[in-house]
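J.: curious how this folds, go ahead:
(2 chains)
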Number of protein chains: 2
Amino acid sequence: MVLTEKEPDFDKGGGLIPAVVQDATTGEVLMVAYMNPASWRETLRTKKATFWSRSRGSLWVKGETSGHFQIVREIRLDCDADAVLIKVEQMGGAACHTGHRSCFYRRLTDEGWVVDGERYFDPEKVYG
Amino acid sequence: MVLTEKEPDFDKGGGLIPAVVQDATTGEVLMVAYMNPASWRETLRTKKATFWSRSRGSLWVKGETSGHFQIVREIRLDCDADAVLIKVEQMGGAACHTGHRSCFYRRLTDEGWVVDGERYFDPEKVYG
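T.: Numbers count the residues shown, from 1 in each chain, chains lettered A, B, ... in the order given. The predicted model follows:
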């Protein structure tokens, strides 16, 4: 099955699809964010991962403040066409606004969530 | 920062959070599905990935029909506590109902979506 339409199905999720961002080299999952059609097209056009910020209600070029852009190396679509996997080169070493390499820097243990992710920068220095 | 609450924040997404399922050994992203609080607790209790099926409106133990369960090896939480990463051992070799190892078996090219994912089983034989 090859879709003839190039666009994911945005309707099911009320206009948004989740985008899983994965490090193209290491395979580490860096973050999950959301895309609407405009951010999808910007991502294709610029080859920089661009999302829809649900909290700000606006387009969000990942790295626009920090300089830590995500350069798109590969885009994959899931079976239902309602989620995408974006393999990227992460500029600045860290995807998370906390300075961790991955937003998934907490691991569940019997004692609760434990931080075990690497930290690459001090968010106060980057975001002020 | 360590959360004292063990549960993700289900409120932001209207009661659901996206769960990224990743092969614990190879790092391949297998699928994205959704969890509500009940499926989250079942996942913790049974150590089998359990989701909320948005289409069926019911709990969905991944593999309940095919036998291709996902045995949970690690659970990670993102910075906003509104997405989880589940590292699993995939029974039967394939996560996708199409028989492909990963639901993300299509890659975007200049000519459109191209299927390049491995196929492990014939869905007609598994689902009838």
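
J.: assign a three-state SS to residue A:80, would you?
T.: coil (DSSP: H, G, I helix; E, B strand; the rest coil).

J.: hang on, it packs against residue A:8?
T.: No: Residue A:80 is beyond contact range of residue A:8, at 9.3 Å (criterion: CB atoms under 8 Å). Using the backbone N, CA and C atoms, a C-beta is placed for each residue, glycine as well.

J.: those two: which has the busier surroundings?
T.: Comparing residue A:80 with residue A:8 by neighbour count (other CB atoms under 10 Å in any protein chain shown), the higher total belongs to residue A:8, at 24 against 16.

J.: ok, that one to residue A:66 distance?
T.: 27 Å (CB to CB, to the nearest Å).

J.: which SS class is residue A:88?
T.: Strictly by three-state DSSP, residue A:88 counts as strand.

J.: and it, what does it touch?
T.: Contact analysis of residue A:88 by CB atoms under 8 Å, 6 or more residues apart in numbering or on different chains lists A:21-24, A:30, A:49, A:70-73.

J.: those into CSV, with extra columns for secondary structure?
T.: Below are these laid out as CSV (three-state DSSP):
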residue, secondary structure
A:21, strand
A:22, strand
A:23, strand
A:24, coil
A:30, strand
A:49, coil
A:70, strand
A:71, strand
A:72, strand
A:73, strand
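
J.: so which of those residues reach chain B?
T.: Contacts with chain B within these, counted by CB under 8 Å from any CB of the partner chain: residue A:22.

J.: scan chain A for its longest helix.
T.: Ranked by residue count under DSSP state H, the longest helix found in chain A is helix A:37-46.

J.: buried ones in that helix?
T.: A:39-40, A:42-43 (16 or more other CB atoms under 10 Å in any protein chain shown).

J.: now swap in stretch A:57-71 and tell me
T.: Quick answer for stretch A:57-71 (16+ other CB under 10 Å): A:60-63, A:66, A:68-70.

J.: relative to residue B:83, how far out is the closest residue to chain B within chain A?
T.: Using CB to the nearest CB, the closest approach of chain A to chain B is made by residue A:27 at 3.3 Å. Remark: distance between residue A:27 and residue B:83 (CB to CB) = 18 Å.

J.: for residue A:46, same thing?
T.: 24 Å.

J.: grab the most central residue of chain A for me.
T.: Centroid-nearest residue in chain A, with CA atoms, centre = their mean: residue A:21, separated by 4.1 Å.

J.: give me every residue in chain A lying close to chain B.
T.: Checking chain A against chain B by CB under 8 Å from any CB, the hits are A:1-4, A:6, A:12, A:18, A:20, A:22, A:26-29, A:31-32, A:54, A:74-80, A:83-85, A:96-98, A:100, A:103-108, A:112-115.

J.: one more time with 7 Å, if that's ok
T.: Contacts of chain A with chain B, taken as CB under 7 Å from any CB of the partner chain, map to A:2-4, A:6, A:18, A:20, A:22, A:27, A:29, A:31-32, A:74-79, A:83, A:85, A:96-98, A:103-104, A:106-108, A:112-115.

J.: return the subset of these lying in helices.
T.: Among the residues of chain A next to chain B, DSSP H puts none in helices.

J.: can you give me the buried ones in stretch A:6-22?
T.: Those would be A:8, A:10, A:13, A:16-22, for stretch A:6-22 by 16+ other CB under 10 Å.

J.: then stretch A:13-20 to PDB, C-alphas only?
T.: Taking Å, rounded to 0.1, in the frame of the first residue of the first chain, the C-alpha atoms of stretch A:13-20 are listed here in PDB:
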ATOM      1  CA  GLY A  13      -6.700  14.200  15.700                       C
ATOM      2  CA  GLY A  14      -8.700  17.400  15.300                       C
ATOM      3  CA  GLY A  15      -6.200  18.900  12.900                       C
ATOM      4  CA  LEU A  16      -3.000  17.700  14.700                       C
ATOM      5  CA  ILE A  17      -0.900  14.600  14.500                       C
ATOM      6  CA  PRO A  18       1.900  13.600  16.900                       C
ATOM      7  CA  ALA A  19       5.400  13.700  15.500                       C
ATOM      8  CA  VAL A  20       8.000  11.500  17.100                       C
END
